[in-house]
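1. No letters, just coordinates:
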Ligand SMILES: O=c1nc[nH]c2c1ncn2[C@H]1C[C@H](O)[C@@H](COP(=O)(O)OP(=O)(O)OP(=O)(O)O)O1
Ligand SMILES: [Mg+2]
């Protein structure tokens with residue numbers, strides 16, 4: 001029987017990222033679409049960690065199972081860390097295209113050397129009999145002036161990865177996982193995960 005890992009997300013792009021990361025480790029990824037499609041979890045926290053904990057604990061409580069949640073976003077230096085924890089709602093309601101347009105407008109005229117940014121990812125692990133804990137991963141980059149590539153999701157088309165000289169949306173899911181904030185956070189879970197699931 002394949003081991004399953006439950007992720008408290010309703011973001012299909014994130015789910016794909018997790019599949020690329022967990023499939024090679026022998027886990028099948030299960031999301032809220034499979035186990036709690038009608039559940040809404042409000043993200044009332046002011047940090048990535050707080051929101052990740054909220055999501056993980058709510059779903060773990062509902063399912064009485066071990067759950068991982070991801071709260072993530074983009075922090076742009078020239079915008080004092082915006083959109084940050086509000087990344088999904090920056091231009092309204094979960095509209096990736098509108099969010100990108102807003103970022104590009106705000107950065108209009110800002111030169112390349114001042115367009116530095118990082119993706120952040122807090123993962124929370126929660127479950128019955130388990131004290132919830134979190135890990136954090138980041139990925140450094142530069143905000144492009146226009147979109148490049150069609151892979152990934154969210155802000156990937158405007159996030160340039162200097163290390164690979166490509167936009168995040170020009171990477172395969174495996175290439176992204178090797179350097180991404182999400183991949184870096186998951187690698188911090190690698191030691192404990194087999195003991196939990
Ligand atoms: O690898 C990434 N590549 C591009 N964009 C990304 C990435 N990682 C997070 N992001 C952006 C997308 C969204 O605007 C926000 C996450 O918001 P966040 O609340 O964590 O996720 P969500 O609401 O889309 O799904 P859910 O809460 O159900 O997991 O940051
Ligand atoms: Mg969300």
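-> In hand now; what should we look at? Note that this is a predicted model, so its numbers are computed, not measured. Ligands and ions are numbered 1, 2, ... in the order given.
2. measure residue 189 to residue 64 for me?
-> According to CB to CB, to the nearest Å, residue 189 and residue 64 sit 21 Å apart. Quick note: C-beta positions are derived from backbone N, CA and C, even for glycine.
3. go on, residue 104?
-> Counting by CB to CB, the gap from residue 104 to residue 64 is 44 Å.
4. SS state for the nearest residue to residue 155 once chain neighbours are set aside?
-> Once flanking residues are discounted, residue 155 sits nearest to residue 74: 4.9 Å by CB to CB, 6 or more residues apart in numbering. Recorded secondary structure, residue 74: strand (DSSP: H, G, I helix; E, B strand; the rest coil).
5. could you measure residue 74 against residue 59, distance?
-> Residue 74 is 24 Å from residue 59, by CB to CB.
6. Please, which helix or strand holds residue 120?
-> strand 116-127 (DSSP states H and E).
7. Also residue 33?
-> For residue 33, the host element (DSSP H and E) is helix 32-35.
8. can you tell me if that helix touches ligand 1.
-> No - remark: helix 32-35 sits outside contact range of ligand 1, by CB under 6 Å from any ligand atom, the gap being at least 6.9 Å.
9. swap in stretch 103-115?
-> No - Stretch 103-115 does not reach ligand 1 (CB under 6 Å from any ligand atom); its nearest approach is 10.3 Å.
10. for stretch 83-101, same thing?
-> Yes - shown here: stretch 83-101 in contact with ligand 1 (CB under 6 Å from any ligand atom) through 87-88, 99.
11. Check stretch 56-73 too.
-> Yes - using CB under 6 Å from any ligand atom, stretch 56-73 reaches ligand 1 at 70-73.
12. chain center to that stretch: distance?
-> In terms of CA atoms, centre = their mean, to the nearest Å, the centre of stretch 56-73 is found 14 Å from the chain centre.
13. How about it, which residues are buried there?
-> If you call a residue buried by 16 or more other CB atoms under 10 Å, then stretch 56-73 has these buried ones: 56-60, 63, 65-73.
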